[in-house]
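Student: Sequence below, structure please.
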Amino acid sequence: MRQQGNVIMTRIAGFTRLLLLLLPVTACEEDEIGTPLSVELVGPGTGRTGEELSVLYEAGGRSLSGIVFTWGDGGVDSLATAGAQTASGSMRHTYEAPGVFTVRARVEDVLEGVDSARVTITVRGG
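Tutor: This next block holds a predicted model:
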């Protein structure tokens with residue numbers, strides 16, 4: 001048996017076996033994987049009842065578990081992110097009544113906690 005750094009070589013019955021020693025990895029203070037937890041929303045500002053409205057979202061973190069969207073009219077949608085470091089796209093919602101609604105996005109990260117953002121949409125009658 002011969003060891004060179006983290007590698008051990010053994011010779012058994014004419015065959016050479018190569019073993020790699022696994023060493024524990026410590027947490028990194030700097031250059032950690034991912035980004036600080038954040039979420040941003042961009043909405044249309046105004047719309048009409050019965051019209052499908054889109055809200056753009058962008059979230060970043062180290063291990064996102066999901067985003068919950070509340071539409072201000074009792075509607076709720078959720079998006080699973082399965083440990084992703086980033087998530088972006090659009091969510092759509094249709095308001096049935098006029099009013100001023102606050103759309104909220106709440107993002108949760110397994111390692112970083114929770115962050116949220118909001119945007120206001122004014123909906124007029126169709």
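
Student: end-to-end on stretch 83-102?
Tutor: Distance between the boundary residues of stretch 83-102 (Cα to Cα, to the nearest Å) amounts to 27 Å.

Student: where are the low-confidence patches of this protein?
Tutor: 1-32 (pLDDT under 70).

Student: right, and the secondary structure at residue 33 would be what?
Tutor: Three-state assignment for residue 33 (DSSP: H, G, I helix; E, B strand; the rest coil): coil.

Student: Look up how far residue 85 lies from it.
Tutor: 7 Å (Cβ to Cβ, to the nearest Å). Bear in mind the C-beta positions are built from the backbone N, C-alpha and C, glycine included.

Student: isn't residue 109 right next to residue 67, touching?
Tutor: No. Contact criterion Cβ atoms under 8 Å: residue 109 and residue 67 do not qualify, at 10.3 Å.

Student: for the chain, which residue is closest to the average position?
Tutor: With distances taken as Cα atoms, centre = their mean, the residue of the chain nearest its centroid is residue 64 (3.5 Å).

Student: Need phi/psi at residue 43.
Tutor: phi -120, psi 170 (degrees, to the nearest 10).

Student: so the residue nearest to it when sequence neighbours are not counted is in which element?
Tutor: Leaving aside its sequence neighbours, residue 43 sits nearest to residue 119 (Cβ to Cβ, 6 or more residues apart in numbering; 3.8 Å). According to DSSP states H and E, residue 119 maps onto strand 113-124.

Student: which residues sit against that strand?
Tutor: With Cβ atoms under 8 Å, 6 or more residues apart in numbering as the contact definition, strand 113-124 has outside contacts at 37-49, 53, 55, 57, 59, 61, 72, 95, 97-109.

Student: check contacts around the closest residue to residue 40 other than its chain neighbours.
Tutor: Once flanking residues are discounted, residue 40 sits nearest to residue 58: 4.9 Å by Cβ to Cβ, 6+ apart. Residues near residue 58 by Cβ under 8 Å, 6+ apart: 39, 40, 86, 87, 88.

Student: what's the answer for residue 84, then?
Tutor: So residue 84 contacts 63, 64 (Cβ under 8 Å, 6+ apart).
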